[in-house]
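*Asks:* All I have is the shape, not the residue letters:
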């Protein structure tokens, strides 16, 4: 495998360990500064230039994109995807995880436990939002902060309101988040590679610091996660589109709550705490999958007119309950079932003999008109509105509006 590590910090521990692990396994590896790429777009011929020269062929890349380079970095990763170069973390997955609000919005739809969170823009909405997430103490987070930077614990509602107002004044978007008292000063980092947690550690804040990040002086200890925590971590990473991720979880009384998912997790803390060769696991995982680059399924399946991807639910009272997929009539309507979601389980490519139950959600590909009638009423999209002729009199009346 010829591997490119996208990084602007060749001397940092994580980059050096990935390079070392790849070389130990006999792979060709080169650290490529993300900032030195040039993207070239041409009809059916996407290409990349590095340091002014056309990039040679790579089998895989490992993106290590810093927060300040997200836009350009994900553009480079996306270009590699168009060139069918394997990456464990897609550009879309990196973008999803980098924006704390966006990632929590996506996870909340998939029944993943998260702290109660609010996002407001107007100062008048701040105090009601603070009260809705449980009142003080409350956690205020800058939307794109990393390594614990921009995370503040406000002890009173007035202080929280003032912090939100100050950050808004500085043009910062912030999240207002429930403070999970039973997990104060500690959290869990689950390191996900592929479809499993390969290592985990608990991070504990020191002194009066409530942030447990290693960069904030937090101490680490290796732990073994329960199946519930492992499943939550793996699902969170997969839902966001990441195959290598550090998933940060709070240990709440109601179970695991995902705080955030890191698409460029550091290796020093987890390898130091566990003594495991995490860099080697990542390289081995990539080498095994280099022939199967991820593709944007929705994009590929919607190139045919009138066909697309949609999620169909099986509500209580549906005539599909108790029938197998084969007997449900979906195939007769030119609809194929790609995955079946049941509770927290996802069954990929389900067999036609599988029996449907109330509450099942089916990710389907087929004729949009055929599927439209099967989408629950509240989620149905309105038909594309017809363009009406502009009423000039209505426009002219705007001039008379005080």
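*Replies:* Perfect, I can see it now. Predicted model only: the values in this text are computed from it and were never measured.
*Asks:* Give me the mean pLDDT for stretch 316-329.
*Replies:* Taken as a whole, stretch 316-329 carries a mean pLDDT of 90.
*Asks:* ah, wrong one, I meant stretch 46-62
*Replies:* In the prediction, stretch 46-62 has an average pLDDT of 93.
*Asks:* before we move on, what about stretch 226-237?
*Replies:* Computed over stretch 226-237, the mean pLDDT rounds to 95.
*Asks:* just checking, next helix/strand downstream of the worst-scoring helix or strand of the chain on mean pLDDT?
*Replies:* Within the chain, no helix or strand scores below helix 297-301, which has a mean of 64 by mean pLDDT, DSSP states H and E. Under the assignment DSSP states H and E, the closest C-terminal helix or strand after helix 297-301 is strand 307-313.
*Asks:* and that next one, what does it pack onto?
*Replies:* Using 3 or more C-beta pairs under 8 Å, 6 or more residues apart in numbering; DSSP states H and E, the elements in contact with strand 307-313 are helix 297-301, strand 361-367, helix 368-372. C-beta here means a position set from N, CA and C on the backbone, and glycine is covered the same way.
*Asks:* one more time with 10 Å
*Replies:* Secondary-structure packing of strand 307-313 (3 or more C-beta pairs under 10 Å, 6 or more residues apart in numbering; DSSP states H and E): helix 297-301, strand 335-342, strand 361-367, helix 368-372.
*Asks:* what's the most buried one of those?
*Replies:* Among these, the stretch with the highest mean neighbour count (mean count of other C-beta atoms under 10 Å) is strand 361-367, at a mean of 20.
*Asks:* Within the sheet, what are the partner strands of that one, with directions?
*Replies:* When pairing is defined by DSSP bridges, strand 361-367 lines up against strand 307-313 (antiparallel), strand 335-342 (antiparallel).
*Asks:* Mind checking the pLDDT average for the longest one?
*Replies:* Just to be clear, that refers to strand 335-342. Here the average pLDDT along strand 335-342 is 89.
*Asks:* Residues contacting it, please?
*Replies:* The contact list for strand 335-342 (C-beta atoms under 10 Å, 6 or more residues apart in numbering) reads 110-111, 297, 301, 309-314, 325, 328-331, 346-352, 354, 356-357, 359-367, 370-371, 374.
*Asks:* Put together CSV for the strands paired with strand 361-367, with distance to residue 38 on each row.
*Replies:* Below are those laid out as CSV (distance: least, C-beta to C-beta, whole Å):
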stretch, distance to residue 38
strand 307-313, 34
strand 335-342, 37
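*Asks:* Compare those strands and give me the one nearest residue 279.
*Replies:* Closest approach to residue 279 among the strands paired with strand 361-367 is made by strand 335-342 (31.7 Å; C-beta to C-beta).
*Asks:* Would you pull up how far the closest one lies from the middle of the chain?
*Replies:* Relative to the centre of its chain, strand 335-342 is centred 21 Å away, using C-alpha atoms, centre = their mean, to the nearest Å.
*Asks:* same check, this time on stretch 40-59
*Replies:* Remark: stretch 40-59 is offset 27 Å from the chain centroid, using C-alpha atoms, centre = their mean.
*Asks:* can you tell me the distance between the two ends of it?
*Replies:* Distance across stretch 40-59, first residue to last, is 19 Å (C-alpha to C-alpha, to the nearest Å).
*Asks:* Quick one: buried ones out of the contacts of strand 335-342?
*Replies:* Among the contacts of strand 335-342, those buried by neighbour count (16 or more other C-beta atoms under 10 Å) are 301, 309-314, 325, 328, 330, 346, 350, 356, 360, 362-366, 370-371, 374.
*Asks:* So residue 20 sits against residue 282, correct?
*Replies:* No. Using C-beta atoms under 10 Å, residue 20 is not in contact with residue 282, being 11.9 Å away.
*Asks:* Give me the more crowded residue out of these two.
*Replies:* Using other C-beta atoms under 10 Å as the criterion, residue 20 and residue 282 rank with residue 282 on top: 24 against 15.
*Asks:* For the residue lying closest to residue 28 once chain neighbours are set aside, give me its contacts.
*Replies:* Excluding the flanking residues, the one nearest residue 28 by C-beta to C-beta, 6 or more residues apart in numbering is residue 2, at 4.5 Å. Residues in contact with residue 2 (C-beta under 10 Å, 6+ apart) are 22, 27-30, 56-61, 85, 290.
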